[in-house]
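1. sequence and predicted structure, then a few things I'm wondering about:
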Amino acid sequence: AQKVTQAQTEISVVEKEDVTLDCVYETRDTTYYLFWYKQPPSGELVFLIRRNSFDEQNEISGRYSWNFQKSTSSFNFTITASQVVDSAVYFCALRGSWAAGNKLTFGGGTRVLVKP
Amino acid sequence: DAMVIQNPRYQVTQFGKPVTLSCSQTLNHNVMYWYQQKSSQAPKLLFHYYDKDFNNEADTPDNFQSRRPNTSFCFLDIRSPGLGDAAMYLCATSRPWASGDPDTQYFGPGTRLTVL
């Protein structure tokens, strides 16, 4: 069985502060994919990043960065110099092998509130 | 721009009155998904189509049906909506396994269903 845990249900920061969202996953698959999605108040789930289990390189995209550590089954997400527009719910998700079925397992989400 | 479109964005129906939600995509993706997302929860997969091959999740109620008349369109039918079916319904698409990006799901803006 697959499981994704986002222990932080809500984080509140002041604009320009950095914020790190934790994601811990469980899977028995050796090949799997991890994702982060952003869901602003409008409701649409916006794809941010995909990482496969063989690629442990960290990634930076503008103010966003991701730290994948297979040894601790974690895929954490950091927003640097947060802005009000970053206020949203962020979901971490896991997709296992094709044989396991074409299904995303989502974490419970972390609501980020950035105050001006 | 290629995208996933959902209509309507907001739908109000009466208890027990059938309702159909629509999803279309210009991405030419083979796989289409329907998710239900209740307030403050993660999206929950209802079913998905791989081309015309329908895959129902084991815990999806019979009250929920789907149709995919062609590659571009997919419909969610709720035969007798109950108060518990009030939720955001998200449509997503992805490319098939053989392509270079088989696992990333791209979501539409969602339809928020209210049941009176």
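-> Now that the structure is in, tell me what you want to look at. Residues are numbered from 1 along each chain as shown, chains lettered A, B, ... in the order given.

2. now for residue A:65: which residues touch it?
-> Residue A:65 makes contact with A:58, A:59, A:77, A:78, A:80, according to Cβ atoms under 8 Å, 6 or more residues apart in numbering or on different chains. All C-beta atoms are positioned from the backbone trio N, CA, C, and that covers glycine.

3. which residue ranges of chain B form helices?
-> Per DSSP state H, chain B carries no helices over any range.

4. near chain A, which residues of it?
-> B:31, B:40-43, B:45, B:48, B:50, B:55, B:57, B:88, B:90, B:92, B:94, B:97, B:101, B:103-110, B:112 (Cβ under 8 Å from any Cβ of the partner chain).

5. if we use 10 Å, what do you get?
-> Residues of chain B lying near chain A by Cβ under 10 Å from any Cβ of the partner chain: B:4, B:6, B:9, B:31, B:33, B:35, B:37, B:40-45, B:48, B:50, B:55, B:57, B:88, B:90, B:92, B:94, B:96-97, B:101-112.

6. cross those against strands and list the overlap.
-> Within the residues of chain B next to chain A, residues falling in strands by DSSP state E are B:4, B:6, B:31, B:33, B:35, B:37, B:44-45, B:48, B:50, B:55, B:88, B:90, B:92, B:94, B:106-107, B:111-112.

7. got a quick ChimeraX command for the buried subset of those?
-> Buried subset of those, written as a ChimeraX selection, criterion 16 or more other Cβ atoms under 10 Å in any protein chain shown:
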select /B:4,6,31,33,35,37,44,45,48,88,90,92,94,106,107,111,112
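
8. any of the contacts of residue A:65 buried? List them.
-> A:77, A:78.

9. who are the packing partners of the lowest-mean-pLDDT helix or strand in chain A?
-> Least confident helix or strand of chain A, by mean pLDDT, DSSP states H and E, is strand A:59-61 with a mean of 86. Counting contacts by 3 or more Cβ pairs under 10 Å, 6 or more residues apart in numbering or on different chains; DSSP states H and E, strand A:59-61 packs against strand A:46-52, strand A:64-69.

10. and that strand, how far from the chain's centre?
-> 13 Å (Cα atoms, centre = their mean, to the nearest Å).

11. what does that strand contact?
-> Residues outside strand A:59-61 that contact it (Cβ atoms under 10 Å, 6 or more residues apart in numbering or on different chains) are A:48, A:49, A:51, A:65, A:66, A:67, A:68, A:78, A:80.

12. let's have those in CSV, adding pLDDT and distance to residue B:82.
-> Listed next are those as CSV, based on pLDDT from 0 to 100; distance: Cβ to Cβ, whole Å:
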residue, pLDDT, distance to residue B:82
A:48, 94, 34
A:49, 91, 37
A:51, 89, 39
A:65, 93, 43
A:66, 93, 40
A:67, 94, 43
A:68, 94, 41
A:78, 96, 41
A:80, 96, 45
